[in-house]
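Undergrad: quick one: sequence and predicted model below, then my questions.
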Amino acid sequence: MSDTWTARLRTRIEHTVPPGQALPDRQPAYVSSWIYVFGVLTLAALFVVVATGCILALGGVDWWHTSSTGHFVNSLHLWSVELLFFVMVIHLWGKFWMAAWRGGRALTWITGVVAFLVSIGTAFTGYLVQGNFDSQWISTQAKDGLNSVGVGAFFNVLDTGQMLLFHVTLLPLAVGAIAVVHVVLVRRHGVVPPLGEELDEPSPEEVSAP
Amino acid sequence: MLMLASDSGAGTYLDWGVVHVSLTNAIIIGLMVVVFVAAIVIPFPGPHPERDAGPGVGPGVDAGVAAGVDEGVDPGVDPEGRTEARP
């Protein structure tokens, strides 16, 4: 194999997620449960959020406040976010109660938690840049809390321009990147089995046996 | 004690000790719990070879073969399980 960076990168990618596991067409039998659907529902909602957000960014504040089409896309953006959090929290509950960090999946769990927290920040800045009285009310209520913990100097919720850039660039990029890492880790380690049905992990008795 | 408080124009809130939540948010949280329980309880549509095969056939096993059917009858089942933890 040639010692080029492209070859090394290709090898690294193939080692991280083997081709058969990247986009599988077969899954373990235990995945035939509704609770396993909420991860991909979260991804679907995130896709709609990002797509409608891109359209809103093209139209601008006046467009989404005055045009009926802008209202429609703005509503799609809002309700897809509501659905995103609805299904993401159920996904989180499901994974928490099945201890989804088992079997070397700790990083998968941690990236999911970080994605959830950054999503809250993204949604919060979204409420601040609606350009209406609602966003004014939320920002004036939030500033005291944020100032009290000392972050107001570099995260000023009364600065609409800063909040807009956080909402449309920095935080979406962070959510997107973490979501990609999260999905890659899920594909690399496989979908976590239900509690008590691990096949490849040693049981506590096996581990403690001399 | 759970109390229901309504301030004209500002929505209705539930007060229970330190818990102060709007009725709307309480309904949404309740709905999420209902959906969560339903997702666990309601069976997923489609064939379930491991269930039909009786005890001794666990998830991740070649469920199609274990159920006495040809491999590939249930395209959603991975005969290799794909549950191995990679380093």
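TA: Received the coordinates, thanks.
Undergrad: got the domain ranges for chain A?
TA: If you go by automatic domain parsing, the domain ranges for chain A are A:35-89, A:99-193.
Undergrad: just how off-centre is the first one within its chain?
TA: Right, the one you point to is domain A:35-89. How far domain A:35-89 lies from its chain's middle: 14 Å, per Cα atoms, centre = their mean, to the nearest Å.
Undergrad: look through chain A and state the residue closest to chain B.
TA: Distances between chain A and chain B by Cβ to the nearest Cβ are smallest at A:Tyr30, namely 3.5 Å. From N, CA and C alone the C-beta is placed, and that goes for glycine too.
Undergrad: and for that residue, the neighbour number?
TA: Residues within reach of A:Tyr30, counting by other Cβ atoms under 10 Å in any protein chain shown, total 21.
Undergrad: SS state for it?
TA: Under DSSP: H, G, I helix; E, B strand; the rest coil, the three-state class of A:Tyr30 is helix.
Undergrad: correct me, but it touches A:Pro193?
TA: Yes - the pair A:Tyr30 / A:Pro193 is scored as a contact, 5.5 Å apart, by Cβ atoms under 8 Å.
Undergrad: list the beta-bridge partners for B:Pro43.
TA: For B:Pro43, the beta-bridge partners are A:Ser33 (DSSP bridges).
Undergrad: hmm, back to that, could I get the domains of chain A as CSV with mean pLDDT, distance to B:Ile29 and mean neighbour count?
TA: Formatted as CSV, the domains of chain A follow (pLDDT from 0 to 100; distance: least, Cβ to Cβ, whole Å; neighbours: other Cβ atoms under 10 Å in any protein chain shown):
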stretch, mean pLDDT, distance to B:Ile29, mean neighbour count
domain A:35-89, 95, 9, 17
domain A:99-193, 93, 16, 17
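Undergrad: and A:Ser208, what pLDDT?
TA: A:Ser208 carries a pLDDT value of 42.
Undergrad: typed the wrong thing, it's B:Gly60
TA: Predicted confidence (pLDDT) for B:Gly60: 42.
Undergrad: off-centre distance for the top helix by length along chain A?
TA: Ordering each helix of chain A by length in residues (DSSP state H) puts helix A:68-97 first. Remark: helix A:68-97 is offset 11 Å from the chain centroid, using Cα atoms, centre = their mean.
Undergrad: from the contact counts, what lies against that helix?
TA: Judged by 3 or more Cβ pairs under 8 Å, 6 or more residues apart in numbering or on different chains; DSSP states H and E, helix A:68-97 is in contact with helix A:38-59, helix A:61-66, helix A:106-128, helix B:23-41.
Undergrad: relative to A:His91, which of those helices is closest?
TA: Taking Cβ to Cβ, helix A:38-59 is the member of the helices and strands packed on helix A:68-97 nearest to A:His91, at 3.9 Å.
Undergrad: that's all I had, so thanks and see you.
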